[in-house]
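**Student:** Take this sequence and fold it.
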Amino acid sequence: MKKFLIALVLLVALAFGGFKWYEVTNYGGTTYYTKITTAGTKINQRDKAGNVYADYRYELTGYDDKGKSQTLTFNANKSRPLRRGAYLKLVYNTKKGVTSWEAVDAVDLPKPAQTNLE
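**Tutor:** Okay, here's the model as predicted:
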């Protein structure tokens with residue numbers, strides 16, 4: 001019974017570690033900061049039901065917390081353009097590109113990124 005419990009605990013720990021590794025490699029990545037300087041490119045897309053919706057695509061330069069630059073291409077997933085002058089924090093994955101973004105205040109930017117964006 002004791003060996004069974006030890007094996008079960010090891011199996012659960014291994015499964016959890018595998019799921020965490022998958023999450024980090026497929027959805028995690030490097031954090032970059034950027035400033036919206038354009039209105040983006042309006043694109044019309046269709047969902048599986050055939051409904052047309054508008055979206056905006058951006059191609060901007062982002063900077064990590066050390067000041068290293070990266071060209072980032074992402075969709076806003078909104079029917080209107082993002083506010084010019086807004087600062088964004090983006091997660092960039094080498095396999096999938098930008099996986100998430102959120103608006104941040106200028107005071108929340110790392111100093112090297114803030115210097116490059118102003």
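**Student:** can you give me the helices for the chain?
**Tutor:** Counting by DSSP state H, the segments of the chain that form helices are 2-27, 111-117.
**Student:** out of the ones you listed, deepest packed?
**Tutor:** helix 111-117 (a mean of 16; mean count of other CB atoms under 10 Å). From N, CA and C alone the C-beta is placed, and that goes for glycine too.
**Student:** Dump it to CSV, restricted to CA.
**Tutor:** C-alpha atoms of helix 111-117 as CSV (Å, rounded to 0.1, in the frame of the first residue of the first chain):
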residue,chain,number,x,y,z
LYS,A,111,13.1,52.1,-17.1
PRO,A,112,14.9,50.8,-20.2
ALA,A,113,11.6,50.2,-22.1
GLN,A,114,10.3,53.5,-21.0
THR,A,115,13.4,55.3,-22.3
ASN,A,116,13.1,53.6,-25.7
LEU,A,117,9.3,54.3,-26.0
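**Student:** So which elements touch that helix?
**Tutor:** strand 30-35, strand 52-63 (3 or more CB pairs under 8 Å, 6 or more residues apart in numbering; DSSP states H and E).
**Student:** how does it look with 10 Å?
**Tutor:** strand 30-35, strand 52-63, strand 87-93 (3 or more CB pairs under 10 Å, 6 or more residues apart in numbering; DSSP states H and E).
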